[in-house]
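>>> quick one, fold the following:
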Amino acid sequence: MAHGHDGGDIPEVKYEYLDHTADVQLHAWGSTLQEAFEQCVTSMFGYMTTDYNTVEMKQEKEVEAEGDDLMGLLFHFLDEWLFVFSAEDFFIPRKIVITEFDMENFKIKSVGYGEEFDIAKHPQGTEVKAITYSNMQIYDKEGQHEVFVIIDI
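Next comes the predicted model:
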């Protein structure tokens, strides 16, 4: 009888696979690129609560951002708003208005109208951990002003 390698009994399975999607793609559009940028920030916050309509426009907060190019500007615009939510007073805007959209120097000034996030009032959605450059797309041409951004959740 041939003796092959014998590692003994196969151990009992003590693991499982948990499907985990670690990111989501935001797709926003508008009649102008500026509106698409505003909608993109709005979509990010809409993802953080399961009922965005519970957010009231009681306060306002100003956010500025700049980048080296258009993608950098979009990235930092989202990132600055995410910072306002996560690092400051958990301010969640219901509406974003860009007051200055400088595409030559890649600078944005914006105002968000909303309120402090309150778990008792706002059903919690999915926390956004980070903005990414992964597969970021910006279209700015006649009839097509839209952006695609992948965020880590």
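
>>> pLDDT weak spots in this protein?
Scanning the chain for pLDDT under 70 picks out the ranges 1-5, 16-20.

>>> longest strand anywhere in it?
strand 91-102 (DSSP state E).

>>> how about the helix or strand following that strand: buried residues?
Note on strand 91-102: by DSSP states H and E, the next helix or strand toward the C-terminus is strand 107-116. Using 16 or more other C-beta atoms under 10 Å as the test for burial, strand 107-116 gives 107-108, 110, 112-115. From N, CA and C alone the C-beta is placed, and that goes for glycine too.

>>> for strand 107-116, name the packing helices and strands.
Packing partners of strand 107-116 (3 or more C-beta pairs under 8 Å, 6 or more residues apart in numbering; DSSP states H and E): helix 33-48, strand 59-66, helix 70-86, strand 91-102.

>>> chain center to the third one: distance?
Right, helix 70-86. Distance, stretch centre to chain centre, for helix 70-86: 8 Å (C-alpha atoms, centre = their mean, to the nearest Å).

>>> ok and it relative to strand 107-116, angle-wise?
20 degrees (axes from the mean of the first three to the mean of the last three C-alpha atoms, to 10 degrees).

>>> need the residue closest to the centroid of this structure.
M44 (4.0 Å; C-alpha atoms, centre = their mean).

>>> contacting residues around A22?
Residues in contact with A22 (C-beta atoms under 8 Å, 6 or more residues apart in numbering) are 152-153.

>>> do L82 as well
So, once contact is read as C-beta under 8 Å, 6+ apart, L82 ends up touching 44, 128, 130-131.

>>> touching, D152 and T126? I think so.
No - counting by C-beta atoms under 8 Å, T126 is not a contact partner of D152; they are 10.6 Å apart.

>>> re earlier: okay if I get the contacts of L82 as a markdown table plus distance to T50 and secondary structure?
As requested, the contacts of L82 are arranged in a markdown table below (distance: C-beta to C-beta, whole Å; DSSP: H, G, I helix; E, B strand; the rest coil):
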| residue | distance to T50 | secondary structure |
| --- | --- | --- |
| M44 | 14 | helix |
| V128 | 14 | coil |
| A130 | 21 | strand |
| I131 | 21 | strand |
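
>>> brilliant, that's me finished.
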